[in-house]
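Asks: Make a model of this:
(chains A and B)
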Amino acid sequence: MLTITLPDGSKREFDQQLTVYELAESIGPGLAKAAIAGKVDGELVDTSFEISQDAEVAIITSRDQEGLEIIRHSCAHLMANAVQNLFPSAQVTIGPVIENGFFYDFAFERSFTPEDLEAIEKEMLRLSKEGLTVNRSLMSRDEAVAMFKEMGEEYKVQIIESIPDEQGLSFYKQGDFIDLCRGPHVPNTSHIKAFKLMSVAGAYWRGDSNDEMLQRIYGTAWTDKKELKQYLHLLEEAERRDHRKIGKKLNLFHFQEEAPGMVFWHPHGWRIYQITKQYMQTLFEENGYQEINTPQLVDYSLWDKSGHSAKFAEHMFSVESDSRMYAIKPMNCPCHVQVFNQGLKSYRDLPLRLAEFGSCHRYEPSGSMHGLMRVRSFTQDDGHIFCTEDQIQGEVSEFIDLVYKVYKDFGFEEIILRLSTRPEQRVGEDEEWDQAEAALQEALDNTGRDWQLLPGEGAFYGPKVEFALKDCMGREQQCGTIQVDFSMPGRLGAQFVAEDNTRHTPVMLHRAIFGSFERFIGILIEHYEGAFPVWLSPIQAMVLNITDKQADYCEKIVDSLKNKGFRVESDLRNEKVGFKIREHTVQRIPYLLVAGDKEVDANTVSVRDRTGNDLGVMDIAQFEALLQQDIENYSRT
RNA sequence: GCUCGCAUAGCUCAGGUGGUAGAGCGCAUCAUUGGUAAUGAUGAGGUCCCCAGUUCGACUCUGGGUGUGAGCACCA
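Replies: As a prediction, this is how the structure comes out:
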């Protein structure tokens, strides 16, 4: 007798053991058809799995997240199958599930072309339609090695050899194609219906840049065609929002060959930059930071002392002058310690918070640069807090609150918190680490929010908290961070006099909220698709005349709004008002004010927003109030 | 840095078996003074990314470089 408990709590009894598939069948033929896998006592298994004792069992279909992942995984196998059908000399390696899809890495004598992808996709479709049964089998490691050796699959042999042979290895076979896999997999290739191959790219074997490069094919797979279509649509939207495109369209910035990875900010882009900077400057003032500024060029001796040149010399720009070698500063912290070191500090001075809009240059690898998101010249909203160990938690707590406020003001509601703790290679005493990690953890717990733990991911000099925000497309963007540093203050000779007149080394907290202005503005551009909230808009309102007759009136309105501190301009060109409206709407200007004879006579303007809403006719005072309100509450219209 | 692709007018992009190129938008000039997402006409714009090589001749083919895109690796 066998009792199976289903997810709804109902129980079913069976005389003898049965497979997941048979269980699904006993519930209903529709479910049996839809069954992709089973979950037996919390463990995912194939539909062919034999249930031999009392258990809680769920039937997994494509509607479950796990079901979708199994489909994606099986789709990776389907692709490998298709590739080997078409290109027998291609060797298989690994093919995991990733966000929205899967990839599979092949070793092949040449790279795959877009035409190859089409052919592979076609072959996959054929195999899917054929409805091949997918069978699981077990093999000992030696058997498996022998089999793949015979097949000439060198990479697979390496993988298998690196797995400990305990209860045998599982293999999945469909048609002639067999692959090592933990599974589970769909019972039949016909379950894989909605997929598309997206791109080919090189990827290192085992992810190691010293190893050879393989051919990676990326694909996406979904439950049905509709979901696939939705996903492809989302990708199109992401492309529309690409900050590089919008930056060009809205004339915010450009890059050119002579200065790779360095931004030429145009007037409107620079305005956004200045507004975010002024925002941060106010925030610094309100939160006990003192703004400083430190040199761009600093002699290598300082970078030797700080340890940066030993680790990052290849990524630093150098300048030689008067036969001395300088680095263009790649970071601000050593300079901040120099400021701290001027004058003997007392425990009464702590915590000492120094902030800098620190312009840094790093020689980033050419292939890593990406628009504003990763550049070689950037400015951090950098800050360093010199404090005692006891002060860490309080400082971190305050900082977390600050980060939430800032991200909210900029329109980001969802924030992910991560704590990275001690790595194997590290400096500092374990006691210090214990204390610092506990302080960070407590600060996180005090927020009452969820946070993730990343054990071993901390920097060699101390643990850290990282802040990732979610943009409107649901993409995570890591921006802010606060890091405890046990190392640098000591290396650079920072000290303070304690209550008992002994000298101590302060702890240094590195912290940033935007990360870099460049990247943060890139994120803002994509988040808002260029339609910045009024408080960030380079131009908040454009005043349009209908004929030359209203030109003076328009200028008068612009002057009066400008005098109040609003960013307003006029467009008095000899064009039809419809043309001007189109142009400035495309430029995402929040408000368009139209003045014709009627408005001149009544001393009003006709107001329209960039989404096409007609806000009616109002006088200037009313419009000012409207703007003011938007600005004060960081409105996102 | 690695793999693969791309580089043509200010922008977005066409184009040609090797004989120096074209559209739309933008820009300029003129006409037009028009009420809420594109008024019309005319015109000016090009070292076809750079450097070598092959060739009677290279924007086109070959090699090298630079930049850039997707991904990998890296990211103090």
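Asks: quick one, what contacts the residue nearest to A:Asp15 when sequence neighbours are not counted?
Replies: Distances taken as C-beta to C-beta, 6 or more residues apart in numbering put A:Met1 closest to A:Asp15, at 6.9 Å, once the chain neighbours are dropped. Using the backbone N, CA and C atoms, a C-beta is placed for each residue, glycine as well. By C-beta atoms under 8 Å, 6 or more residues apart in numbering, the contact set of A:Met1 is A:Glu13, A:Phe14, A:Asp15.
Asks: So A:Met1 versus RNA strand B, what's the distance?
Replies: Using C-beta to the nearest atom of the strand, to the nearest Å, we find A:Met1 at a distance of 51 Å from RNA strand B.
Asks: residue boundaries of the helices in the stretch 151-300 of chain A?
Replies: Assigned by DSSP state H, counting those that start in this stretch, the helices in the stretch 151-300 of chain A fall at A:154-161, A:225-240, A:243-249, A:267-286, A:300-306.
Asks: Kindly list the longest helix within chain A.
Replies: helix A:65-86 (DSSP state H).
Asks: Show me what counts as buried in it.
Replies: Residues A:66-85 are the ones in helix A:65-86 that count as buried (16 or more other C-beta atoms under 10 Å).
Asks: With stretch A:148-162 instead?
Replies: By 16+ other C-beta under 10 Å, the buried positions in stretch A:148-162 come out as A:Phe148, A:Glu153, A:Tyr155, A:Lys156, A:Val157, A:Ile159, A:Ile160.
Asks: now those residues as JSON lines including pLDDT and distance to RNA strand B?
Replies: Output for the buried residues of stretch A:148-162, formatted as JSON lines (pLDDT from 0 to 100; distance: C-beta to the nearest atom of the strand, whole Å):
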{"residue": "A:Phe148", "pLDDT": "94", "distance to RNA strand B": "23"}
{"residue": "A:Glu153", "pLDDT": "94", "distance to RNA strand B": "21"}
{"residue": "A:Tyr155", "pLDDT": "95", "distance to RNA strand B": "15"}
{"residue": "A:Lys156", "pLDDT": "94", "distance to RNA strand B": "19"}
{"residue": "A:Val157", "pLDDT": "94", "distance to RNA strand B": "21"}
{"residue": "A:Ile159", "pLDDT": "92", "distance to RNA strand B": "16"}
{"residue": "A:Ile160", "pLDDT": "91", "distance to RNA strand B": "21"}
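Asks: any idea which of those is closest to A:Gln587?
Replies: For the buried residues of stretch A:148-162, the closest approach to A:Gln587 (C-beta to C-beta) belongs to A:Tyr155, at 52.6 Å.
Asks: Hmm, the closest one is touching A:Glu212, no?
Replies: No. With contacts counted by C-beta atoms under 8 Å, A:Tyr155 stays clear of A:Glu212, the gap being 10.0 Å.
Asks: anything in contact with each of those two?
Replies: Common contact partners of A:Tyr155 and A:Glu212 (C-beta under 8 Å, 6+ apart): A:Ala107, A:Trp205.
Asks: Give me the pLDDT for the closest residue to RNA strand B within the stretch 401-550 of chain A.
Replies: Closest residue of the stretch 401-550 of chain A to RNA strand B, C-beta to the nearest atom of the strand: A:Thr547 (3.0 Å). Looking at A:Thr547, its pLDDT is 96.
Asks: Would you report the backbone torsion angles of the nearest residue to it once chain neighbours are set aside?
Replies: Nearest residue to A:Thr547, sequence neighbours excluded (C-beta to C-beta, 6+ apart): A:Gly596, at 7.5 Å. When read as degrees, to the nearest 10, the backbone of A:Gly596 gives phi -120, psi -170.
Asks: give me every residue that touches A:Gly596.
Replies: A:Asn545, A:Ile546, A:Thr547, A:Gln550, A:Val577, A:Ser606 are the contacts of A:Gly596 under C-beta under 8 Å, 6+ apart.
Asks: Tell me the buried residues within those residues.
Replies: Looks like these have A:Asn545, A:Ile546, A:Gln550, A:Val577, A:Ser606 buried, using 16+ other C-beta under 10 Å.
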